[in-house]
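> got a structure for you, letters missing:
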C-alpha cells in the first residue's frame, strides 16, 4: 500500500468480474484491472480478493471468457510478465482485419532499450517471426515508420513520423499534430520531476527535443515549417500581424508555433485564441487554460526545490562544499520542504505571474484587439463565467468550499470534482469547509446542497464522507485522538 497507495484489490477484482460477467467481454477493462497490480504481492492479493468475493479462481474466469492473443495478454499480466504482455498486445493489434496502430504504439512507447529487446525476444519466441517484420507487413507509410522507430527506441523519429501521418492524405488532423507536441511536453515534465532539474532546464529540454524532431522530419519528409504552414493554411500565405478581418485563420498554426517554442504562457494564449476564433468559445476549455496557470506554478515550485537539493548533493559529491556548510544548507532545505505555508505563498505568487503572462500573450495573439478578461466576459456564460472569473482572480485555484459550490451549481453535477475535493479530508477539515461554504453563501448548508444534487450510491458515499471524513483518513483520525498535540 505504501508503494502503490491507490492499490485496492477488492475494487480491481470487481472490475475484472464486471468485465467478464454476462454476455460479451470488456477486454480493455480486464487489462486495465490486471495492470493495476504491479508487484507479486499485489497480484497475489488480487487473486485472493477475487476468490473471496466471487468464489472462483480469477484465472479460471478469465480462461473461460477469453482466447488466443487476448488470453495470452491477460495471462502475462496475471504473471507479471511485462514483455510477454506487450508482445501479445502487439500481436492482437495487428492480426486479423484492420490494425490497432495506437495499441502498437502504446505497447512500445516509453520503454527502455532493455525492455524493447525483451519485447522483441518474446515476440519471436511466441510467434516465430521478428516483431519488425510483422509491423512492416501490416502497416505502411508514416504509420509503419512510427511503429518501427518506436521498436528501435528512436522516439524523435517516431514523433516526426506521427506529424507526417497527421498531414498525409486528404485533410489535416490538427488535433493529432498538437497532441505530438503536448505529449513531448508531458513526457519531459515527467522526466524533469524524476531528474530534479530546474524550470529553465526543462524548457531547454523541450526546445532541444522539438529541434530533434524537426531534424528527423527533414531527413525523411521535408521542411516541417513549410509543410505545417501549407497544410494548416490550405496553401495560403500567413496573414501579416495586425491584419483585420483576415480571410485566413492561422489560430491552429499559432498553437503549434507556441508548442514548438515551449513557452507555457504563449501555448495557453494561443489555445484561448483558437476558442475565440471558433464558432463559439468552450467554457470547459477556457477553464482548463486558466487552471493550468496554477498547475504550472506548482510544477515550477516543485522543480526548483528538487533541483536545489540536487545541486547541493552534487557539490558534496564533488567535494566543493564543506561538511558543515552541507549540513546547514541541507537542514534549511528540509525545513523549507516542510513549510507548507511558505510553499503555498510562493506558488500563489507564481500563479499570479503566470496569469499576468497569459493575459499579455493573449493580447499579442489578437494583435491587441481583445483582452483575455474580455474574452471571458463576452464569450462565456452563466455559472461557468462566474467560476472562470473567480479562477482568474485567484490564480487558477479555488478554495475547497468554492470548488464544491461550482461542482453542484447550475446544470449538471461534477461528481468527480466533489470526490477530488473530499479525498483525504478528515472530519475537522470538512467542518472548516462547511463553515466557509455557509459564510460565502448566506448560511447555506454544504451537506444539503451537495447531497441534494446526487442520487443512489454517489449520494450514500459522499454523505458518509461529509459526516465521517474520507475512509482513508480513519487511521490518521485515530492517531489524532491518541496524540492531539501532534496534530
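Perfect, I can see it now. Since the structure is predicted, the reported quantities are computational estimates derived from the model, not experimental observations.
> hmm, residue 359 is touching residue 373, no?
Yes - shown here, residue 359 and residue 373 form a contact pair, counting by CB atoms under 8 Å, at 7.1 Å. Any C-beta I mention is one placed from the backbone N, CA and C, and that applies to glycine too.
> what about these two, which has more around it?
Comparing residue 359 with residue 373 by other CB atoms under 10 Å, the one with more neighbours is residue 359, at 18 against 13.
> which residues does that one contact?
By CB atoms under 8 Å, 6 or more residues apart in numbering, the contact set of residue 359 is 371, 372, 373.
> quick one, phi/psi of it?
phi -60, psi -40 (degrees, to the nearest 10).
> same check on residue 100?
Backbone torsions of residue 100, given as degrees, to the nearest 10, read phi -90, psi 80.
> wait, doesn't it sit right on residue 93?
Yes - between residue 100 and residue 93 there is a contact under CB under 8 Å: 4.0 Å.
> which of those two has more neighbours?
Neighbour comparison, residue 100 and residue 93: the larger count goes to residue 93, with 22 against 16 (by other CB under 10 Å).
> just the element for the more buried one, please.
Element membership of residue 93, judged by DSSP states H and E, is helix 82-94.
> any idea which residue sits dead centre in the chain?
Closest to where the C-alpha atoms of the chain average out (CA atoms, centre = their mean) is residue 186, at 7.3 Å.
> determine the set of other helices and strands touching the very next helix or strand once past the helix holding residue 93.
Proceeding N to C from helix 82-94, the next assigned helix or strand is helix 101-108, under DSSP H and E. Under the contact criterion of 3 or more CB pairs under 8 Å, 6 or more residues apart in numbering; DSSP states H and E, helix 101-108 touches helix 82-94, helix 113-127, helix 141-151.
> do that again at 7 Å, thanks
helix 82-94, helix 141-151 (3 or more CB pairs under 7 Å, 6 or more residues apart in numbering; DSSP states H and E).
> which one of the ones you listed lies closest to residue 316?
helix 82-94 (36.1 Å; CB to CB).
> which secondary structure elements does the closest one contact?
Helix 82-94 makes packing contacts with helix 68-79, helix 101-108, helix 113-127, helix 131-138 when contacts are defined by 3+ CB pairs under 7 Å, 6+ apart.
> hmm, try it at 6 Å
Where contact means 3 or more CB pairs under 6 Å, 6 or more residues apart in numbering; DSSP states H and E, helix 82-94 is packed against helix 68-79, helix 101-108, helix 113-127.
> for the longest one, buried residues please.
Going back to what we said before, that points to helix 113-127. Buried residues in helix 113-127, counted by 16 or more other CB atoms under 10 Å: 116, 118, 119, 120, 122, 123, 127.
> what's the least confident stretch among the helices and strands packed on helix 101-108?
Looking over those, mean pLDDT reaches its minimum on helix 82-94, with a mean of 91.
> that one to helix 113-127, inter-axis angle?
For helix 82-94 against helix 113-127, the angle by axes from the mean of the first three to the mean of the last three CA atoms, to 10 degrees is 60 degrees.
> residues making contact with helix 82-94?
Here helix 82-94 makes contact (CB atoms under 6 Å, 6 or more residues apart in numbering) with 69-70, 72-73, 76-77, 100, 103-104, 107, 118-119, 122-123, 126-127, 138.
> what's the answer for stretch 153-169, then?
With contact meaning CB under 6 Å, 6+ apart, stretch 153-169 is reached by 113, 116, 142-143, 145-146, 149-150, 173, 176-177, 180, 212-213, 216-217, 221, 231.
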